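1. One predicted model, sequence on top.
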Amino acid sequence: MSQLLDDFPHWLHAGVMKTNDLVLLFKDISFRVDDIRQYIISLLQKFEVALLWDTDNLLIPSLLPTELDLIKNPALVHQVLVC
């Protein structure tokens, strides 16, 4: 999953991913869109790959900026909060 996410950086904003983008990752699977979202989110949370932040966003801890990144580039704080 991490490699997959690294290949699609335009979907990520400082470790935050829209839940609707999950459909793009799993578009070849023969599930309904809502089923994909629910099933994949539950798997991502179970294995702590991503956490549901709100109904529209997933936090991907391994891709969140570090404290040092935030100090070097304060604009990252805004990017995380805007998503």
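-> Thanks, I have the structure now. Numbers count the residues shown, from 1 in each chain.
2. and the residue lying closest to residue 43 once chain neighbours are set aside, how many neighbours?
-> Sequence neighbours aside, residue 49 is the residue nearest to residue 43 in space, at 7.9 Å (criterion: Cβ to Cβ, 6 or more residues apart in numbering). No exception for glycine: its C-beta is placed from N, CA and C like everyone else's. Residue 49: 16 surrounding residues under other Cβ atoms under 10 Å.
3. just residue 74 next, same as before
-> Neighbour count of residue 74, defined by other Cβ under 10 Å: 9.
4. Need the residue closest to the centroid of the chain.
-> For the chain, the residue nearest the mean C-alpha position is residue 17 (3.0 Å; Cα atoms, centre = their mean).
5. so what's that one closest to, chain neighbours aside?
-> Closest to residue 17 by Cβ to Cβ, 6+ apart is residue 58, at 4.7 Å.
6. I figured the one you found was touching residue 16, is that so?
-> Yes. Using Cβ atoms under 8 Å, residue 58 makes contact with residue 16 at a distance of 7.1 Å.
7. does the residue nearest to residue 43 count as helix, strand or coil?
-> With DSSP: H, G, I helix; E, B strand; the rest coil as the basis, residue 49 sits in coil.
8. I'd assumed residue 63 was in contact with it.
-> No. The pair residue 49 / residue 63 is not scored as a contact, 10.2 Å apart, by Cβ under 8 Å.
9. which non-adjacent residue is nearest residue 40?
-> Excluding its sequence neighbours, the residue lying closest to residue 40 (Cβ to Cβ, 6+ apart) is residue 22, at 5.1 Å.
10. Name the residues of stretch 57-65 that come out as buried.
-> 57-60, 63, 65 (16 or more other Cβ atoms under 10 Å).
11. can you tell me which of those residues are in strands?
-> Secondary structure assignment by DSSP state E places 57-59 of the buried residues of stretch 57-65 in strands.
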